[in-house]
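Asks: return atomic coordinates for the entry below.
(2 chains)
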Amino acid sequence: MSGVAVHLQGLRRSFGTTHALDNLDLSIEPGEFIALLGPSGCGKTTALRVLAGLEDADSGQVLVGGKDVTALPANRRDMGMVFQAYSLFPHLTALANVTFGLSLRGRKRSETRAREMLELVGIAQFADRYPHQLSGGQQQRVALARALAIEPSVLLLDEPLSALDAKVRVQLRDEIRRIQTEVGTTTLFVTHDQEEALAVADRVGVMRAGKLEQLAAPADIYLTPATPFVAEFVGLSNRLPGVVTDDEVEVLGTRLPLLAPASAASVTALVRPESVQVTPDAGGTGKVLTTSFLGPISKVTVTVGDQLVVAQVATDRLTTLAPGTPVRVTLSPHPVALA
Amino acid sequence: MAGVIARRVRKQRAFRWTVLLVLGVFFVLPFVAMVEFSTRDAETWPLLFDWPQLSERYPALAEGITNSLLQAALTAVLMLVLLVPTAVWVRLRLPQLRRLVEFICLLPLTIPAIVLVVGLAPVYAWVTYFLGGSSLTLVFAYTVLVLPYAYRAIDAGLSAIDVKTLAEAARSLGAGWGTVMWRVVLPNIRSAVLSAAFLTVALVLGEFTIASLLNRTNLQVAINFLGKSSATMSVAVSLTALLLAFVLLLLLSLLGGRRRSSAAVAPVSPKETTT
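Replies: Numbers count the residues shown, from 1 in each chain, chains lettered A, B, ... in the order given. I've put the predicted structure just below:
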């Protein structure tokens, strides 16, 4: 199975006075895994639903494999979809759920194919169970098998992991990526969880108010955010006052390169916690306020004057950074965005 | 202390039994009286279950029974054909109209039958003009009459499932609207559809006012008519119709109970697979 290219061109969709999609353009390469990321109400789900044919765009075009499918109803678009809510048909077993789409297409040996798909998502042993006898994670696996069984030209995932608990979410997220790589279907994955998007996608699109703010590889989104919104939305950031001189900004006594030219002299710089170093120093200007244990890394909150600075440190260093310890705060010279 | 509690329990038990007994007498006594009265003539019950003889001796009653059964079946079918797709469509596409549709469906409950007939009479002049004066034309009026009960039943069934997501999932798998209705929605609201159908049958079998005032024949009209010439047979038929309605309502509550218990079954939570 090879993927097809998808192009969303100039999509607009309004609900009353709210513009869910505001002239949205998005191109997905054949076989690519794109994640749309954004806060609630940014239009990411609407974009996916317009692509699926479940929502009509007010204007714009949807091209799949070079063909204009804008006017095609959902049932003739050849797309597999996994929903946020559990969407398995309650009166059918897992196997019958997967066979459903195949039987509509009059496929022979649909049961064999359905069993193969259940095998692929790792729950062949539950084929005869009804949805209410399966856990949330298992139901979403069946839903994924059902969506892939029809060999769709595009796979659409509408926050399929958000109803699951943290451990299952990570497990299933990695499997979705494995399976997508295996079958090679062009995939659009909508999520509000930045970690999820950055972990699985080839490229991540950050949306805001119906528009794409940036579409780039996960590392680029994180390290070189195109806009302050992307910088703030993806990853934690300290908002620290700075003074611009030439192409740099001076923050807490360190000169940092700028991602984009500044328009004012006094600015607020967005500095990642991992760019902040905290060293115990009796003569330091900072003081540890709190520490939070997060596993292999930990979070340390420091006060520098009346400014709060969050730093990320290796957990084994926590013993030297008890609350009240005087510290020196330095910043790594990574390029920063301005708020 | 223990003595006080025991006395209170005994009192409560006595009160409970008294209420049950009074209610039992209130409801059962008319039945007993009907059985007693209808068995005074030994021929009545055997004749009631001997259709050829019954239709020969009481042709109007036989016609009433046939009409009512046909009316019940056709009303149930017409109601389902109209109501199920409408209720589903309102949920999927026009959720803002839900309250309005519910209000319209409940209207017949608030309008007395006699007022309905005043409104229906001129309509039925046209119905008779186009379709003839068959008693089966009452099906249209009965469909309106059963709307409040049927709508409530179907709406409750639709509330128990996520119709929108299920329909969208089926659509994305390639299902047209017909397939969505037939293979996805209907199987999941089966007990609600059966409830609506049973309520319709019970209501139509017991309907008298509209049929009588529009000069059509149904079971109740025939029983009323028969009461003037053969009282025992009329009481026997009434009792049978009552029992039939009772059985239908019993089936309904059994269905409701099964639905509740199946919904109450906590989903087993087998361990996540670790593949």
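
Asks: flag the shaky bits of the chain, pLDDT-wise.
Replies: Defaulting to chain A. Along chain A, segments meeting pLDDT under 70 span A:1-2.

Asks: chain B is the one I meant
Replies: Looking at chain B by pLDDT under 70, you get B:1, B:256-275.

Asks: which residues does the closest residue to residue B:251 other than its chain neighbours contact?
Replies: Closest residue to residue B:251 apart from its sequence neighbours, by Cβ to Cβ, 6 or more residues apart in numbering or on different chains: residue B:198 at 6.2 Å. To be clear about C-beta, it is placed using only N, CA and C from the backbone, and glycine gets the same treatment. The contact partners of residue B:198, by Cβ atoms under 8 Å, 6 or more residues apart in numbering or on different chains, come to B:248-249, B:251-252, B:255.

Asks: got it, and residue A:259?
Replies: With Cβ under 8 Å, 6+ apart, residue A:259 has these contacts: A:224-225, A:231, A:335-337.

Asks: does residue B:237 belong to a helix or a strand, and which?
Replies: helix B:231-264 (DSSP states H and E).

Asks: give me the buried positions along that helix.
Replies: For helix B:231-264, a neighbour-count test (16 or more other Cβ atoms under 10 Å in any protein chain shown) marks B:232-241, B:245, B:248, B:252, B:255-256, B:259 as buried.

Asks: just to revisit the earlier point, three-state assignment of the residue nearest to residue B:251?
Replies: Look at residue B:198: counting by DSSP: H, G, I helix; E, B strand; the rest coil, its state is helix.

Asks: give me the distance between it and residue A:174.
Replies: According to Cβ to Cβ, to the nearest Å, residue B:198 and residue A:174 sit 51 Å apart.

Asks: now swap in residue A:275 and tell me
Replies: Going from residue A:275 to residue A:174 by Cβ to Cβ gives 28 Å.

Asks: okay, the two: which has more neighbours?
Replies: A count of neighbours by other Cβ atoms under 10 Å in any protein chain shown puts residue A:275 above the other of residue A:275 and residue A:174, at 20 against 12.

Asks: how far away is the more buried one from chain B?
Replies: As judged by Cβ to the nearest Cβ, to the nearest Å, residue A:275 and chain B stand 37 Å apart.

Asks: my guess is that residue contacts residue A:335. True?
Replies: No. Using Cβ atoms under 8 Å, residue A:275 is not in contact with residue A:335; the gap is 9.9 Å.

Asks: list the buried residues for the top helix by length along chain A?
Replies: Longest helix of chain A, by residue count under DSSP state H: helix A:166-183. Counting neighbours by 16+ other Cβ under 10 Å, one finds that the buried residues in helix A:166-183 are A:168-169, A:171-173, A:175-177, A:179-180, A:183.

Asks: just the CA trace of the following helix or strand past that helix, in PDB.
Replies: Sequence order places strand A:186-191 as the next helix or strand after helix A:166-183, per DSSP H and E. This file holds the C-alpha atoms of strand A:186-191, laid out as PDB (Å, rounded to 0.1, in the frame of the first residue of the first chain):
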ATOM      1  CA  THR A 186      -0.700   9.000   4.500                       C
ATOM      2  CA  THR A 187      -1.800  10.000   8.000                       C
ATOM      3  CA  LEU A 188      -3.300  13.100   9.600                       C
ATOM      4  CA  PHE A 189      -3.200  13.000  13.400                       C
ATOM      5  CA  VAL A 190      -5.000  15.700  15.400                       C
ATOM      6  CA  THR A 191      -4.000  16.200  19.000                       C
END
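
Asks: now do the contacts for the closest residue to residue A:199 other than its chain neighbours.
Replies: Excluding the flanking residues, the one nearest residue A:199 by Cβ to Cβ, 6+ apart is residue A:173, at 6.3 Å. Going by Cβ under 8 Å, 6+ apart, residue A:173 touches A:161, A:196, A:199-200.

Asks: PyMOL command to pick out the buried ones of the residues you listed?
Replies: This is how PyMOL selects the buried members of these, with burial counted by 16+ other Cβ under 10 Å:
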select buried, chain A and resi 161+196+200
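
Asks: which one of the contacts of residue A:173 is nearest chain B?
Replies: Minimum distance to chain B across those is 12.8 Å, recorded for residue A:161 (Cβ to the nearest Cβ).

Asks: please report phi then psi for that closest one.
Replies: phi -110, psi 0 (degrees, to the nearest 10).

Asks: which residues of the stretch 101-250 of chain A fall in strands?
Replies: A:154-158, A:186-191, A:203-208, A:211-216, A:238-245, A:248-251 (DSSP state E, counting those that start in this stretch).
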